[in-house]
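Novice: Only the shape, not the letters, is given here:
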């Protein structure tokens, strides 16, 4: 899944969620004390990271200036000549890339891209729906269902065919994560903390006692990861009901993803860090600046 510049209430913006989500300038977290012991790959800088996805050991980075692929040896290259501002980006559990945002150099496209799909790892993109209407700032796609947050209307939308959408109402949120075993169970991050729905997003309830997190990933039915505005990593091993704090990243996150092997990747202001032990420790993966 990924990021995310949802329009949030003032309290969330003040806490730093809006800052991190939009990729605005701020104190660099690239040198955060994460318990790292390995050297990171050093390369060209990324401008405003909005989403991450890992496929076959290649890390895909959705940015203000297009989608990039970081190979295992640390080389970064453009995945496509379409240098869109990918505000929303996710890798569906069926393998396709889904994205949204705004066009950069291709002026024949409308300012809001709607839902885009790529079946060749971002090399080419096809418009599926809502072109010219919607700019999704967060997307998740699992178990045959897509949820997306429309930054213009403030509505959470859902679809099962990627063409016809249903509005679930206006919900101020920063991120959305779907239970991979049950698309009717969906978690959103809000200024009150994570809110959970078990009826396909028609109703939500605040998870009592849960920390306020900005980003969330739900890779397994019983396993949810969240990152707070200050970079504190939180993990739930019971489907988002209870949470424990693990590593601190030292600054606001921009995007995150959890790979199939369980590794966690988080984009910060000047680096991307990774954890192979469930968020207990993070090591540098790719840095710039």
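Specialist: Thanks, I have the structure now. Quick caveat: nothing in here was measured; it's all calculated off a predicted structure. Residues are numbered from 1 along each chain as shown.

Novice: Might one say that residue 70 is in contact with residue 54?
Specialist: No - Residue 70 lies out of contact with residue 54 (Cβ atoms under 8 Å); the separation is 9.5 Å. Every C-beta, even on glycine, is put in place using the N, C-alpha and C of the backbone.

Novice: which neighbours do these two share?
Specialist: Here residue 70 and residue 54 have residue 60 as joint contacts, going by Cβ atoms under 8 Å, 6 or more residues apart in numbering.

Novice: buried ones in stretch 258-267?
Specialist: 258-259, 263-267 (16 or more other Cβ atoms under 10 Å).

Novice: now these in CSV, with distance to residue 277, pLDDT and secondary structure?
Specialist: Output for the buried residues of stretch 258-267, formatted as CSV (distance: Cβ to Cβ, whole Å; pLDDT from 0 to 100; DSSP: H, G, I helix; E, B strand; the rest coil):
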residue, distance to residue 277, pLDDT, secondary structure
258, 13, 98, strand
259, 13, 97, coil
263, 9, 97, coil
264, 9, 98, strand
265, 13, 98, strand
266, 14, 98, strand
267, 19, 98, strand
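
Novice: Would you reformat the residues you listed as TSV and include distance to residue 207?
Specialist: Below are the buried residues of stretch 258-267 laid out as TSV (distance: Cβ to Cβ, whole Å):
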residue	distance to residue 207
258	19
259	25
263	25
264	20
265	24
266	21
267	25
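
Novice: Out of the residues you listed, the closest to residue 120 would be?
Specialist: Distance to residue 120, by Cβ to Cβ, is smallest for residue 259 among these, at 19.9 Å.

Novice: where does residue 106 land on pLDDT?
Specialist: In this model, residue 106 is scored at 72, pLDDT.

Novice: actually residue 27, sorry about that
Specialist: The model's pLDDT for residue 27 equals 37.

Novice: And for the one 10 residues further on?
Specialist: Reported pLDDT at residue 37 in the predicted model: 39.

Novice: Check residue 154 too.
Specialist: What the model reports as pLDDT for residue 154 is 97.

Novice: which ones are touching the closest residue to it other than its chain neighbours?
Specialist: Of all residues not flanking residue 154 in the chain, residue 170 sits nearest, at 4.5 Å (Cβ to Cβ, 6 or more residues apart in numbering). The contact partners of residue 170, by Cβ under 8 Å, 6+ apart, come to 153-156.

Novice: which of those residues has the most neighbours?
Specialist: residue 156 (25 neighbours; other Cβ atoms under 10 Å).

Novice: got the residue ranges for the strands in the stretch 151-289 of the chain?
Specialist: Under the criterion DSSP state E, counting those that start in this stretch, the stretch 151-289 of the chain contains strands at 155-159, 166-170, 175-179, 182-190, 193-197, 205-206, 215-220, 223-227, 232-236, 244-248, 255-258, 264-267, 271-275, 283-287.
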